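A.B. asks: Build me a model:
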Amino acid sequence: MWRRIIFTLALCGIMLIAAMSLPVLGVPRAAPESGSAVQQSPLPTPGLPIPKPLPVVIMSQPNIWSTWLNTSEITVEFEDTVNRQAIAKQLTIEPALKYTLEWQEQTLHIIRKGPLTPDITYHLTIRNVIDHSINSSPAPDFRLALIAPQVVHANSYTSYEQGSEITISFGYRMDRSSVEKALRIEPAAPGILRWSADNSLLTITPDAPLIPNIIYRVYFVGELREQAGYLLPTPESQEFVTQAAIVSS
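C.D. replies: The predicted structure is shown next:
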């Protein structure tokens, strides 16, 4: 009889000790205070996508701030293959400008399909990319500011070289026939017209020496067009003075 009672009490004690050593349901056991305990990093939440790195721009032409001179195309080169549709949605040009996009491997060609407004700065932005084309430290988003040039460069509109040539420097590749029809010089200075290879520089060699010490006016009447056919605004007339005649003593 006593043996049975003692055995029952011992069994109850063992069960009580075992129950006290178990963790409470839903409550994690505290980590040991020993400094040797290893902290585990939390696991990623199942089902959430791993963020992809942003595309990186490594080169562009023209540079980050320049004149949109004699070009109808901007090129942007990426470091790796990119989502072309996403890049197209993230690209904007302000003020608005018509353009098309063409790809050659990792290089994007932005081709202008409309006229520019001279002296206006156009801002091209590609969002959600990393710009590593200019700065040593990458910059968020790719930004390019391009100044639309004047039709004729005011600082080099005409030049008079030893009474023999007049040069007119344009900011665009020009349609030759429209320029030659619209060009006027007063007093008249008929001569031979020569164009540069890119149709942006016109040199006039008069048939006779220019009149010394006199003001010549150069202007345009009618439509001026780019080589691509886009109509350009008529530039203001410009004047230059020929050299005075050299009188020998």
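A.B. asks: Was I right to think T92 contacts T125?
C.D. replies: Yes - T92 lies in contact with T125 (CB atoms under 8 Å); the separation is 5.2 Å. C-beta coordinates here come from the backbone N, C-alpha and C atoms, glycine included.
A.B. asks: quick one: which of these two has more around it?
C.D. replies: Neighbours per residue (other CB atoms under 10 Å) separate T92 from T125, with T125 holding more: 15 against 12.
A.B. asks: Okay, buried residues for the host helix or strand of that one please.
C.D. replies: Taking DSSP states H and E as the definition, T125 sits inside strand 121-131. Taking 16 or more other CB atoms under 10 Å as the basis for neighbour counts, the residues of strand 121-131 that come out buried are Y122, L124, I126, V129, I130, D131.
A.B. asks: And G114, how far from E94?
C.D. replies: Note on G114: its distance to E94, by CB to CB, to the nearest Å, is 14 Å.
A.B. asks: Equivalent analysis for N213, please.
C.D. replies: Spatial separation of N213 from E94 under the definition CB to CB is 49 Å.
A.B. asks: next one: S237
C.D. replies: S237 is 32 Å from E94, where distance means CB to CB.
A.B. asks: for Q150, same thing?
C.D. replies: For Q150, the distance to E94 (CB to CB) stands at 21 Å.
A.B. asks: Compare those two (neighbour count), which wins?
C.D. replies: More crowded of Q150 and E94, by other CB under 10 Å: Q150, with 20 against 10.
A.B. asks: list the contacts for that one?
C.D. replies: P118, D119, G171, P235 (CB atoms under 8 Å, 6 or more residues apart in numbering).
A.B. asks: domains of the protein?
C.D. replies: As recorded under automatic domain parsing, the domains making up the chain are 56-147, 154-241.
A.B. asks: Spatially nearest residue to G114, not counting backbone neighbours?
C.D. replies: Of all residues beyond its chain neighbours, the one nearest G114 is K98 (3.6 Å), with distances taken as CB to CB, 6 or more residues apart in numbering.
A.B. asks: mind listing what the one you found touches?
C.D. replies: When contacts are taken as CB under 8 Å, 6+ apart, K98 is in contact with R112, K113, G114.
A.B. asks: Kindly state the beta-bridge partners for the first one.
C.D. replies: When bridges are taken as DSSP bridges, the partners of R112 come out as Y99.
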